[in-house]
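Q: model the following, please.
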Amino acid sequence: MKYVSEAITGILITSLFLAACAKVGAPTGGVRDSEPPRYVGGEPENRSTHFSGKEINFWFDEYIQLKDLNKELMISPPLEEKPDVRIREKGIRIELNNELLPATTYTINFGNAISDLNESNLFPDFEFVFSTGDIIDTLAVTGKTLNAFDQKPLKDESFLIMLYEDLSDSAPLVKQPRYIGRANQYGLFSVNNIHPDTCRIIALNDANGNLKYDPGSEYIAFLDSFLVIDPATVKPLTFIRDTVRIIKTEKRTGRSGNQAKVKPKTDTTILEGKKLNALNVSLYYFLEETDEIYLDGKKRESAEKLFFSFSRPPHDSVRIRPLNYNPVSPWFVPEVSMKGDTLVYWITDSTMARKDTLLMAVSFTAVDSSGNFILRTDTVNMRYQKPEEKSTGGRRTRTSIVKDVGSAMKLAASISNRGTQNLNKTLIFTADKPIAGINPDSIELIAVVDSLNVRKDFTCTLDSTAVRKFRLGSEWNENTPYRLLLKPNAVRDIYGHMNDSVEIRFMTQKAGYYGRLIVSAGGSHYPLIIQVFSQKGNLVDIRVIKQPERIVFDYLTPDKYTLKAIFDANGSGGWDTGNYLKKRQPEQVFYYKLPIELRSNWDLEVNWEIID
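A: Below you'll find the predicted structure:
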């Protein structure tokens, strides 16, 4: 019994000891790694000269991974054949597949491709540089590339920055560049390790990846003059390319004071800038408008509706003709989009509309391979799939006539029931089909003044640019309840359908709710198109000035507004794009963001000198 008791005691002591050990030694997960990989060395070493090999190796202080390498990797000057890039443990091996240029500095930029293996901490914008000659070239070109129309970067596209030693106009269309770089999501770029030279520079969203400009299908930006890049023209600057999200750790002590919890926290840090000797430029990209035109879409959603879309607005009128039916003329009502690149033909010949298939000849002015204008005719099949209906036996059958969706036309108003109407706006009604006429005698507009219903005068006008719209306007009383009644048959479409009874109750806005923006605009170029945009980017008002002028924008709701000015150089009444080979830049655009919010019953005055 003595020995048994001693054995049991020993087992208990051992079990307690092991339990205690297990408790003390339990993993807590540790502090999350938030540091990116560090470069530790290479063969050859980064920024080496007299390189003549076929292989490059370099290493980091931890295991790494490569993501989106085909998209992120950039080699300048570009190589005709892409190198083979592989990960080897904590390093990267690059095998070159073509001859290198003599006395040339090469820059291999990995963009956002490199990160550590475990936590994906990014090591952005890593550059490996070497020279086949005696020196490493150290000059650079930095800057930004933005949309010429709205001065925003094209975030969904990757813009390449290309520098050419060949100064001919055709070089970007037929040759690859001498140096190349990439703009980031903010439009910022830096092309580094350039030797002294005179270059042509362009920015390009190289959609097909051929490192050449394809007019009309790719965005381009260019400077009017060449870049003279030498030690006398560059300036020292610090180029900050990006910000990066870093995972930090936050420790919290529990109530017992024994166990610390580690909570990951995301923070944004500005990356350390590069010290460069650079020229800094701004490039504004645009898409050329070409003369080439083609029919790129067609559909027949309803029996009487023929829809056509074109690659650009037609040069002149489009003519359509049915080939398998001889209609009574005129047989359609046309509807043209605001841009003019889509056309809808509403068939008014009921027999023609009943045909399942219409074979249509669409004729329009196009451009041949020599650039000459010709008349082109496309033959298209416009088939309407009639709706299926259930028969009394439950089986689906095809209807033999155009299904009538109801005799009442559909009307949508610009104001909702119980909504608020601005004092300077008209009510806009949109029908589902072209409007043939309005009967004002079947419309009542009532204002409730001192509990009395007062009939108000109003005007009804068809929209000359939109065949399915009409406007109803009045001299609105401020802060007043209104009732608008459209009796049955007040509006008629081209097919004889009438509206059902429509009643809308609404309230007009208080006059004191609005503010006024008074802009004293001057500049060095005229005419200027001055536009006012809300904080959400909606166009609120527009004016055209031909000399310095004091403009009053009234009836503005409280908001923080932005002013935009377009130098309408050709007097077209809108913004016009550029043309690279014709050396024509897009029309200049200027922005002015109001420093404060416009409030109710305010007059906010702004002096805006619009200069280059």
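
Q: give me the buried positions along the host helix or strand of residue 516.
A: Element membership for residue 516 (DSSP states H and E) is strand 515-523. Across strand 515-523, burial judged by 16 or more other Cβ atoms under 10 Å covers 515, 517, 519, 521-523. Every C-beta, even on glycine, is put in place using the N, C-alpha and C of the backbone.

Q: enumerate every residue touching the most centrally placed residue in the chain.
A: Taking Cα atoms, centre = their mean, the centroid of the chain lies closest to residue 154, which sits 6.1 Å from it. Counting by Cβ atoms under 8 Å, 6 or more residues apart in numbering, residue 154 touches 147, 187, 205, 219, 285.

Q: counting by contacts, list what whatever helix or strand the last one lives in packs against.
A: If I follow you right, that is residue 285. Element membership of residue 285, judged by DSSP H and E, is strand 274-285. In this structure, strand 274-285 packs against strand 139-147, strand 188-194, strand 197-204, strand 220-222, strand 227-229, strand 235-239, with contacts taken as 3 or more Cβ pairs under 8 Å, 6 or more residues apart in numbering; DSSP states H and E.

Q: nearest to residue 67, out of those strands?
A: If you check each of the helices and strands packed on strand 274-285 against residue 67 by Cβ to Cβ, strand 188-194 wins as the nearest, at 21.1 Å.

Q: neighbours of the nearest residue to residue 487 once chain neighbours are set aside, how many?
A: Ranked by Cβ to Cβ, 6 or more residues apart in numbering and with sequence neighbours excluded, the top spatial neighbour of residue 487 is residue 442, at 4.2 Å. Neighbours of residue 442 under the rule other Cβ atoms under 10 Å: 16.

Q: isn't residue 442 up against residue 489?
A: Yes. Counting by Cβ atoms under 8 Å, residue 442 touches residue 489, with 6.0 Å between them.

Q: look at residue 71 and give its secondary structure.
A: With DSSP: H, G, I helix; E, B strand; the rest coil as the basis, residue 71 sits in helix.

Q: which residues touch the nearest residue to it once chain neighbours are set aside?
A: Nearest residue to residue 71 in three dimensions, chain neighbours excluded: residue 158, at 6.9 Å (Cβ to Cβ, 6+ apart). Going by Cβ under 8 Å, 6+ apart, residue 158 touches 71, 182-183, 205-206.

Q: looking at the residues you listed, which has the most residues close by?
A: residue 183 (26 neighbours).

Q: from residue 489, how far out is that one?
A: 59 Å (Cβ to Cβ, to the nearest Å).

Q: low-confidence ranges in the chain?
A: 1-33, 156, 241-271, 388-407 (pLDDT under 70).

Q: let me see the domain layout of it.
A: Following automatic domain parsing, one gets these domains for the chain: 39-131, 139-243+275-285, 295-383, 408-512, 514-610.

Q: now the strand holding residue 285: buried residues?
A: Applying 16+ other Cβ under 10 Å to strand 274-285 flags 274, 276-279, 281, 283-285 as buried.

Q: can I get the helix or strand following it as CSV, trimmed to CA atoms?
A: Sequence order places strand 295-302 as the next helix or strand after strand 274-285, per DSSP H and E. What follows is strand 295-302, C-alpha atoms only, in CSV (Å, rounded to 0.1, in the frame of the first residue of the first chain):
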residue,chain,number,x,y,z
LEU,A,295,-22.9,50.6,-86.8
ASP,A,296,-22.0,48.9,-83.5
GLY,A,297,-25.4,47.9,-82.0
LYS,A,298,-29.0,47.3,-82.9
LYS,A,299,-32.0,45.8,-81.2
ARG,A,300,-35.8,45.7,-81.3
GLU,A,301,-37.1,45.6,-77.8
SER,A,302,-40.7,46.1,-78.8
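
Q: contact partners of the helix or strand that strand 295-302 is followed by?
A: Downstream of strand 295-302, the first helix or strand assigned by DSSP H and E is strand 305-310. Contact with strand 305-310 is made by 293-301, 318, 320, 332, 341-347, 358, 360, 362, 364, 382, as judged by Cβ under 8 Å, 6+ apart.

Q: buried among the residues you listed? Make that a PyMOL selection.
A: Selection of the buried residues among those in PyMOL, burial being defined by 16+ other Cβ under 10 Å:
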select buried, resi 293+295+298+300+318+320+332+341+343+344+345+346+347+358+360+362+364+382
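
Q: picking that back up, among the contacts of residue 154, find me the one that's closest to residue 103.
A: Scanning these for proximity to residue 103, where the rule is Cβ to Cβ, the winner is residue 205, at 31.9 Å.

Q: ok, that closest one to residue 365 distance?
A: For residue 205, the distance to residue 365 - Cβ to Cβ - is 29 Å.

Q: residue 350 too?
A: Distance from residue 350 to residue 365, by Cβ to Cβ: 32 Å.

Q: what of residue 161?
A: Counting by Cβ to Cβ, the gap from residue 161 to residue 365 is 37 Å.

Q: pick out whichever of those two has more residues nearby.
A: residue 161 (26 against 15).

Q: what residues are up against the more buried one?
A: Counting by Cβ under 8 Å, 6+ apart, residue 161 touches 141, 145, 180-183, 189, 191, 201-203, 283.

Q: how about those residues in JSON lines, adding distance to residue 234?
A: Formatted as JSON lines, the contacts of residue 161 follow (distance: Cβ to Cβ, whole Å):
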{"residue": "141", "distance to residue 234": "9"}
{"residue": "145", "distance to residue 234": "19"}
{"residue": "180", "distance to residue 234": "19"}
{"residue": "181", "distance to residue 234": "16"}
{"residue": "182", "distance to residue 234": "21"}
{"residue": "183", "distance to residue 234": "20"}
{"residue": "189", "distance to residue 234": "16"}
{"residue": "191", "distance to residue 234": "12"}
{"residue": "201", "distance to residue 234": "14"}
{"residue": "202", "distance to residue 234": "20"}
{"residue": "203", "distance to residue 234": "19"}
{"residue": "283", "distance to residue 234": "18"}
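
Q: closest to residue 106 among these?
A: Relative to residue 106, the closest of the contacts of residue 161 is residue 180; by Cβ to Cβ it sits at 11.3 Å.

Q: which residue, other than its chain neighbours, is closest to that closest one?
A: residue 76 (4.7 Å).

Q: isn't residue 160 up against residue 209?
A: No. The pair residue 160 and residue 209 fails to qualify as a contact (Cβ under 8 Å) at a distance of 9.7 Å.

Q: higher neighbour count, those two?
A: Using other Cβ under 10 Å, the more surrounded residue of residue 160 and residue 209 is residue 160, with 22 against 8.

Q: ok, now which ones touch that one?
A: Residue 160 is in contact with 180-183, 203-206, 211, counting by Cβ under 8 Å, 6+ apart.

Q: mind doing that once more with 6 Å?
A: When contacts are counted by Cβ atoms under 6 Å, 6 or more residues apart in numbering, residue 160 touches 182, 204, 206.

Q: go on, residue 130?
A: 48, 51, 106.

Q: scan the residues you listed and report the most crowded one.
A: Neighbour-wise, these (other Cβ under 10 Å) top out at residue 106, 22 neighbours.

Q: and that residue, what element?
A: Using DSSP H and E, residue 106 sits within strand 105-109.

Q: which neighbours does that strand have in its sheet, and in what orientation?
A: Applying DSSP bridges to the sheet, strand 105-109 is found paired with strand 74-76 (antiparallel), strand 127-131 (antiparallel).

Q: quick one: which of the contacts of residue 158 is nearest residue 167?
A: The closest of the contacts of residue 158, once distances to residue 167 are taken by Cβ to Cβ, is residue 206, at 20.6 Å.

Q: any idea how far residue 317 is from the nearest residue to residue 542 once chain neighbours are set aside?
A: Leaving out its chain neighbours, the residue that sits closest to residue 542 by Cβ to Cβ, 6+ apart is residue 531, at 5.0 Å. Residue 531 is 30 Å from residue 317, where distance means Cβ to Cβ.
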